[in-house]
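[1] Fold the following, please.
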Amino acid sequence: MNVGGIDQNRIAAMMAQLKAAATKPAGEVAAPLSAPAAGGIAKVDFADALKNTLSQVSEAQGAASAKGRAFAMGDDSVNLSDVMVSMQKASIAFQATIQVRNKLVSAYQEIMNMPV
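    Just a heads-up that it's a prediction; the model follows:
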């Protein structure tokens, strides 16, 4: 079945990539996954992937805040560039999360407005 130009195998591959990215430790880049075979579609729980991603964003914000506090307190082991980089990473992760939320809300509203 073709859903908006993307077939089911492609959607399953994208969901598998989201799941793999959610389970990777912070800072590690996930390699792109190829589309699974027609009979080997992996089951991905969207709620778990979303929960893991939200916890990673929260951890990034906490780490950036801790580095900022340590720099402000005069800790010599933390330099300004590390603080700024960690704050930018946390900011970008948060902005991406907001965009995903906006897309989910938009999709929900679109589905609710469909005639039955």
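[2] Distance check, residue 63 against residue 86.
    In this structure, residue 63 and residue 86 are 6 Å apart, going by C-beta to C-beta, to the nearest Å. (C-beta placed from N, C-alpha, C; glycine too.)
[3] Which one of the two is surrounded by more residues?
    residue 86 (19 against 15; other C-beta atoms under 10 Å).
[4] how about the nearest residue to that one, chain neighbours excluded?
    Leaving out its chain neighbours, the residue that sits closest to residue 86 by C-beta to C-beta, 6 or more residues apart in numbering is residue 64, at 4.2 Å.
[5] what's the answer for residue 23, then?
    Using C-beta to C-beta, 6+ apart, the closest residue to residue 23 is residue 52 (6.4 Å).
[6] in what helix or strand does that neighbour lie?
    Here residue 52 sits within helix 46-72, counting by DSSP states H and E.
[7] Residue 19 - how many residues pack around it?
    21.
[8] Before we move on, what's the pLDDT of it?
    As predicted, residue 19 sits at a pLDDT of 75.
[9] and the angle from the helix ranked longest in the chain to helix 46-72?
    If you go by DSSP state H, the chain has its longest helix at helix 80-112. Interaxial angle, helix 80-112 versus helix 46-72 (axes from the mean of the first three to the mean of the last three C-alpha atoms, to 10 degrees): 150 degrees.
[10] I'd like to know which elements helix 80-112 is packed against.
    Contacts defined by 3 or more C-beta pairs under 8 Å, 6 or more residues apart in numbering; DSSP states H and E place helix 80-112 against helix 46-72.
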